[in-house]
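Trainee: just coords:
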Ligand SMILES: [Zn+2]
């Protein structure tokens with residue numbers, strides 16, 4: 001069965017055939033680093049992390065690029081409010097971004113290009129567009145001339161005259177057409193700027209993604225992903241810029257994730273129902289948050305509310321318990337692989353057959369436009385069986401070998417889902433529970449120090465370090481983290 005993807009460009013599921021056989025160039029629009037990212041933005045980071053790891057698991061050589069927008073109106077506004085340089089804001093929230101995606105269990109991209117480190121490349125793109133007549137200069141600004149790109153709006157399917165009607169209210173007199181968008185913005189007083197052939201200024205947001213995508217993945221890439229809110233105008237404009245420059249198809253498959261809703265409303269800062277991923281990670285484990293996103297199909301909406309979150313917590317717990325039962329049952333057991341079917345009873349043979357069958361069901365679901373809810377259902381069917389077998393006393397060596405294969409399959413799935421805490425020595429527990437235990441230890445250490453028993457205080461720190469836990473003392477008290 002071939003892998004199929006829903007392509008926003010053609011509005012249908014298509015067989016996935018990469019531009020170069022065996023290789024996948026995958027681009028995801030990254031964050032604008034002006035604040036901690038909200039839990040809605042965690043969704044593309046998590047689901048596309050799973051998809052690219054799944055593609056790798058299926059044997060593709062995947063190159064994954066995510067840009068960091070580190071110069072933008074929002075960053076400048078924030079910096080001016082706080083009276084600090086914009087690069088300080090960008091640096092602070094770039095660091096926070098990396099901390100948070102790591103906590104979300106997201107594997108690092110192959111490249112994280114930053115807008116401010118690609119100004120020359122962006123200028124090069126804009127120069128080429130001016131030269132071939134698709135861009136024009138007005139008072140130090142450069143605009144893209146949408147009328148020169150006949151295929152404009154092919155991704156969103158919007159009608160140009162309707163768009164114009166909607167835009168009429170905020171027409172900028174200097175643009176030839178309200179739909180024309182800025183490639184380069186002349187610097188206003190107090191704004192950061194770079195030298196360019198059109199004077200001091202900074203790049204427009206859309207330009208950086210065209211430039212970085214083409215620079216790191218080539219002129220035609222396989223997959224470009226992002227939230228559905230980016231389809232128009234951001235991705236539409238990326239197509240217009242790139243294809244007007246190269247004359248080649250920019251992206252073969254456009255894939256977009258649905259919104260995260262709170263009580264049916266699109267969650268965003270402006271609506272006031274803002275929860276950062278960081279806040280959510282304080283309350284829920286990485287595995288529970290990943291399960292929460294994967295239990296729904298990526299294209300549909302997700303409701304961010306207590307009930308599905310609690311359900312995700314229970315589900316993640318079920319998976320972790322099933323895995324840990326297997327792990328403990330197989331501890332210090334020598335298993336002979338491959339399994340010798342002749343040594344198995346009929347019932348055990350059925351269990352052994354379930355392993356390739358489950359893998360097949362799982363892959364069939366993932367190959368159908370990354371249908372993670374169905375893939376997860378295949379896992380639950382499977383662990384129902386492993387739970388039954390793991391409880392049995394007196395398993396034969398051949399039966400234990402089947403159990404070992406079952407454990408391997410869970411690890412195989414987990415290598416791209418990241419929904420099971422597979423670290424040994426009890427760390428498979430929910431993070432919140434470990435945190436509860438750690439608080440007791442930190443309080444006892446605090447008490448020892450208050451009573452001037454520094455020897456005991458140091459001993460607690462030392463012993464925890466041996467167990468892979470680092471204690472950090474600060475003005476707000478002590479915190480802990482894994483080494
Ligand atoms: Zn982008």
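Mentor: The structure has been received and is ready for your questions. All values derive from a computational prediction rather than experimental measurement. Numbers count the residues shown, from 1 in each chain.
Trainee: For this structure, give me the ranges with low pLDDT.
Mentor: 165-171, 263-274, 424-432, 476 (pLDDT under 70).
Trainee: tell me which parts of it are close to the ion?
Mentor: 29, 209 (Cβ under 5 Å from the ion). C-beta here means a position set from N, CA and C on the backbone, and glycine is covered the same way.
Trainee: for the chain, which helix is longest?
Mentor: The helix spanning the most residues in the chain, taking DSSP state H as the definition, is helix 306-329.
Trainee: Skip the chain neighbours and tell me the closest residue to the residue of the stretch 301-450 of the chain found nearest the ion.
Mentor: Using Cβ to the ion, residue 370 is the residue of the stretch 301-450 of the chain that sits closest to the ion, at 20.4 Å. Computed as Cβ to Cβ, 6 or more residues apart in numbering, the closest residue to residue 370 that is not its neighbour in sequence is residue 51, at 5.4 Å.
Trainee: Contacts only, for the one you found.
Mentor: 225, 255, 298, 370 (Cβ atoms under 8 Å, 6 or more residues apart in numbering).
Trainee: Name the SS class of it, please.
Mentor: For residue 51, the secondary-structure state derived from DSSP: H, G, I helix; E, B strand; the rest coil is helix.
Trainee: Would you quantify the distance from it to residue 295?
Mentor: 16 Å (Cβ to Cβ, to the nearest Å).
Trainee: for residue 3, same thing?
Mentor: Residue 3 is 21 Å from residue 295, by Cβ to Cβ.
Trainee: Just checking the distance from stretch 399-416 to the centre of its chain.
Mentor: Its chain's average C-alpha position is 26 Å from that of stretch 399-416, according to Cα atoms, centre = their mean, to the nearest Å.
Trainee: So which bits of it are buried?
Mentor: Judged by neighbour count using 16 or more other Cβ atoms under 10 Å, the buried positions of stretch 399-416 are 399-407, 409-410, 413-414, 416.
Trainee: Just the ones of those residues in helices?
Mentor: Mapping the buried residues of stretch 399-416 onto helices (DSSP H) picks out 399-407, 409-410, 413-414, 416.
Trainee: can you list these in CSV and add distance to residue 77?
Mentor: Conversion of those to CSV gives the following (distance: Cβ to Cβ, whole Å):
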residue, distance to residue 77
399, 64
400, 62
401, 62
402, 60
403, 57
404, 57
405, 56
406, 54
407, 52
409, 50
410, 47
413, 43
414, 41
416, 38
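Trainee: Filter the contacts of residue 51 down to the ones in strands?
Mentor: Judged by DSSP state E, these include 225, 255 as members of strands.
Trainee: which ones are touching the residue nearest to residue 85 when sequence neighbours are not counted?
Mentor: In this structure, residue 85 finds its nearest non-sequential neighbour in residue 79, 6.2 Å apart by Cβ to Cβ, 6+ apart. The neighbours of residue 79, taking Cβ under 8 Å, 6+ apart as the test, are 85, 86, 88, 89.
Trainee: so where does residue 19 fall, helix or strand?
Mentor: Per DSSP states H and E, residue 19 falls between elements, in no helix or strand.
Trainee: if we can go back for a sec, let's verify the residue nearest to residue 85: helix, strand, or coil?
Mentor: The three-state label given to residue 79 by three-state DSSP is helix.
Trainee: Surely residue 35 is in contact with residue 94?
Mentor: No: using Cβ atoms under 8 Å, residue 35 makes no contact with residue 94, being 11.6 Å away.
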